[in-house]
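K.L.:
Everything below, folded, please.
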Amino acid sequence: MLLCVDVGTSFCKACLINENGEILALEKHSYRITLDGRKAEIHPDTVWEVMVETIHALLNTHSVDRILGGGISTVLGFVFLDSKGRPVRPAILYLDSRAEDECQKALQREEISSRFKRTGRRFTPELLASQVRWIRIHEGDCMARIHRILGLKDYLVFQLTGEMGTDYAHMNYSGLYDIEKGHFDPVLLSWIDLDEEVFPPCCYPYEVAGLVRKSASEVTGIPLGTPVIRGSTDGTTAMYGGGIAESGTAVWVSGTTDVCMCLNAHPIPDPSGILNQNTGMIPGTFALGGATGLSGGTLLKFLELFPLQWENILLSIPAIPPGSEGLTFFPGLTGERSPYWIPSATGSIFGWRMNHTPAHFLRAWIEGSTYRIFRILYTLVSAGVEVHTLHLVGGGAIWDTVNQVRTDILGKPMKRLSQLEGTLLGVALFTAVGIGLFSSLSEGSREWVRIQHEYSPDLEKTSHYQVLFHQFEELLYRFYTGSISESKREVIA
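P.N.:
Coordinates of the predicted model:
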């Protein structure tokens, strides 16, 4: 039996997965991050406590003869520790945008901005480098006490095992890591005035980080000495739980935010900076794609403000024509990330008329969310990346009517997996490889990633959506930036 934990934006999930990749038991506890203006934080010990409670409740309810190994995934966040391994401040999460000024100032310095291209991503406030600059300027006393910087997931592993380390995804999201050379960029390190020693050793997420120590065993119920793998961020982990290890397979994780990526043998030219290009968790590969702004999170907020019987409304979606009869929904309530990277695009609805029903709003949300994935996939394919299969996982993948609209927009068949908990399955795959159940992630994917349903596009609607997609992008750029980039005008083939 494998013990797998996923600490998401709102919930901590712990589950038991058998050697066939099946979830046999799951416990879920809620928790709340602190959202205050541009800040998004949570104290690391709060996350540890909710994880302990969730694991303890799971193991207390379901008797287990033996736990072969365990793993953890969390939302992207960074923890700042003093010399005794104690947090000096709350962890800063990916939703945090307070370092916008620090980003803008950095981009105005040619000797700094030119180095960001080596990191495989745009320089944004969610990256560690910008956060460190903000702390140095605004919390100087705190900065002086920082001895180690870990990912949020790495802090939980440290609490379980007493071992400090991190994985390549967290190095990628530091904004300091040269992805092709595989080491920190010395100029960027100097710019934030940190020594490389502040970061713990880095390894692949399926490598064993350590064994559960006595103090952690007593509070969680996990047997003493259980192997714990290094793990990774939730988005990265869900990619592998969704089957990205298979050649030519792109994975779309539909959740609070969406992530779409595939593997390639090398990074690709991306002059517009649309994509994130990460170190692949299979040696010799790179994970290319992007994490969008809010998608499912926007729908949840919309339904919170306007309580509707949306399960019934879903059934009406097919009757609404493509384009939602002129209604356009920009879903990024906290700003647009990949592929548009417009922080000011914080959610808008255009073209609202008297004839629009709740079903129009829901379909417009689907369309606005899917256009981002369209742009990501188009960028990949245009650069010669092979994408012949699209897997769909995540909590937002459960509705057939929604998925049909998505595949009509993309013009590609989509396969919904039988296990939608892509992050938990990804944790299980990493753990299974780490303890020797599989020799590789590819082998594990072939055994555990299973298709439940396939959606085929209506190509007549796809043709219509190509026009609507351009109208969506033109409106987005004109409204939020005052112009439309010429690079966005190409005809989608």
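
K.L.:
Once you drop chain neighbours, what's closest to Leu294?
P.N.:
Of all residues not flanking Leu294 in the chain, Leu333 sits nearest, at 4.9 Å (C-beta to C-beta, 6 or more residues apart in numbering). (Glycine included, C-beta is placed from N, CA and C.)

K.L.:
Who are the packing partners of the lowest-mean-pLDDT helix or strand in the chain?
P.N.:
Sorting the helices and strands of the chain by mean pLDDT, DSSP states H and E puts helix 310-314 at the bottom, at a mean of 84. If you count contacts as 3 or more C-beta pairs under 8 Å, 6 or more residues apart in numbering; DSSP states H and E, helix 310-314 packs onto helix 358-382.

K.L.:
One more pass at 10 Å, please.
P.N.:
With contacts defined as 3 or more C-beta pairs under 10 Å, 6 or more residues apart in numbering; DSSP states H and E, helix 310-314 has these neighbours: helix 296-305, helix 358-382, helix 400-410.

K.L.:
Give me whichever of these is most buried.
P.N.:
Of the helices and strands packed on helix 310-314, the one with the most neighbours on average (mean count of other C-beta atoms under 10 Å) is helix 358-382, at a mean of 23.

K.L.:
So what angle separates the directions of it and helix 296-305?
P.N.:
Helix 358-382 and helix 296-305 meet at an angle of 170 degrees, taking axes from the mean of the first three to the mean of the last three C-alpha atoms, to 10 degrees as the criterion.

K.L.:
Going toward the C-terminus from the least confident helix or strand of the chain, what's the next helix or strand?
P.N.:
Past helix 310-314, further along toward the C-terminus, the next helix or strand under DSSP states H and E is strand 328-330.

K.L.:
Just give me how far that next one sits from the chain centre.
P.N.:
Shown here is strand 328-330, whose average C-alpha point lies 22 Å from the average C-alpha point of the whole chain (C-alpha atoms, centre = their mean, to the nearest Å).

K.L.:
neighbouring contacts of it?
P.N.:
Under the criterion C-beta atoms under 10 Å, 6 or more residues apart in numbering, residues 293, 298-299, 302, 336, 340, 342, 345-352, 360-369, 371, 468, 471-472, 475-476, 479-480 lie in contact with strand 328-330.

K.L.:
If we use 7 Å, what do you get?
P.N.:
Contact partners of strand 328-330, identified using C-beta atoms under 7 Å, 6 or more residues apart in numbering, comprise 345, 347-351, 361, 364-365, 368, 472, 475-476.

K.L.:
what does stretch 273-288 give?
P.N.:
Among residues not part of stretch 273-288, those counted as contacts by C-beta under 7 Å, 6+ apart are 120-122, 168-169, 172, 179, 204-205, 239-240, 244-245, 261-268, 289-291, 338-339, 341, 375-376, 379-380, 385, 441.

K.L.:
Can you tell me which of those are buried?
P.N.:
Buried residues within the contacts of stretch 273-288, counting neighbours by 16 or more other C-beta atoms under 10 Å: 120-122, 168-169, 172, 179, 204-205, 239-240, 244-245, 261-264, 267, 289-291, 338-339, 341, 375-376, 379-380, 385, 441.

K.L.:
Could you report the neighbour count for Phe11?
P.N.:
Using other C-beta atoms under 10 Å, Phe11 is surrounded by 13 other residues.

K.L.:
related to what we said a few turns ago, per-residue confidence at the residue nearest to Leu294?
P.N.:
Looking at Leu333, its pLDDT reads 89.

K.L.:
isn't there a strand covering it?
P.N.:
No. Under DSSP: H, G, I helix; E, B strand; the rest coil, Leu333 falls outside any strand and is assigned coil.

K.L.:
So the residue lying farthest from the centre of the chain: helix, strand or coil?
P.N.:
In the chain, Met354 marks the outermost C-alpha relative to the chain mean, sitting 37.2 Å out by C-alpha atoms, centre = their mean. In three-state terms, and counting by three-state DSSP, Met354 is coil.

K.L.:
Kindly report the same for Ala250.
P.N.:
Reducing the assignment at Ala250 to three states with three-state DSSP gives strand.

K.L.:
What are the buried residues along the least confident helix or strand of the chain?
P.N.:
Neighbour-count burial for helix 310-314, counted by 16+ other C-beta under 10 Å, picks out Trp310, Ile313, Leu314.

K.L.:
Need the residues that contact it.
P.N.:
The set of residues external to helix 310-314 that reach it, using C-beta under 7 Å, 6+ apart, is Leu303, Pro358, Ala359, Leu362, Trp399, Thr401, Val402.

K.L.:
Give me the distance between the residue farthest from the centre of the chain and Thr370.
P.N.:
Counting by C-beta to C-beta, to the nearest Å, the separation of Met354 from Thr370 is 26 Å.

K.L.:
do the same with Ser418
P.N.:
From Ser418 over to Thr370 (counting by C-beta to C-beta), the distance is 22 Å.

K.L.:
for Gly225, same thing?
P.N.:
The span separating Gly225 from Thr370 equals 47 Å under the rule C-beta to C-beta.

K.L.:
roughly how far apart are the residue nearest in space to the middle of the chain and Leu275?
P.N.:
For the chain, the residue sitting closest to the mean C-alpha position, by C-alpha atoms, centre = their mean, is Gly235 at 2.9 Å. When C-beta to C-beta is the yardstick, Gly235 and Leu275 sit 14 Å from each other.

K.L.:
what's the spacing between Pro201 and Ile67?
P.N.:
If you measure Pro201 against Ile67 using C-beta to C-beta, the figure is 25 Å.

K.L.:
With Ser445 instead?
P.N.:
Relative to Ile67, Ser445 is positioned 23 Å away (criterion: C-beta to C-beta).

K.L.:
Torsion angles phi and psi at the residue lying closest to Glu139 once chain neighbours are set aside?
P.N.:
When the adjacent residues along the chain are set aside, Glu139 lies closest to Arg89, with 6.9 Å between them (C-beta to C-beta, 6+ apart). Torsion angles at Arg89 (phi, psi; degrees, to the nearest 10) stand at phi -170, psi 170.
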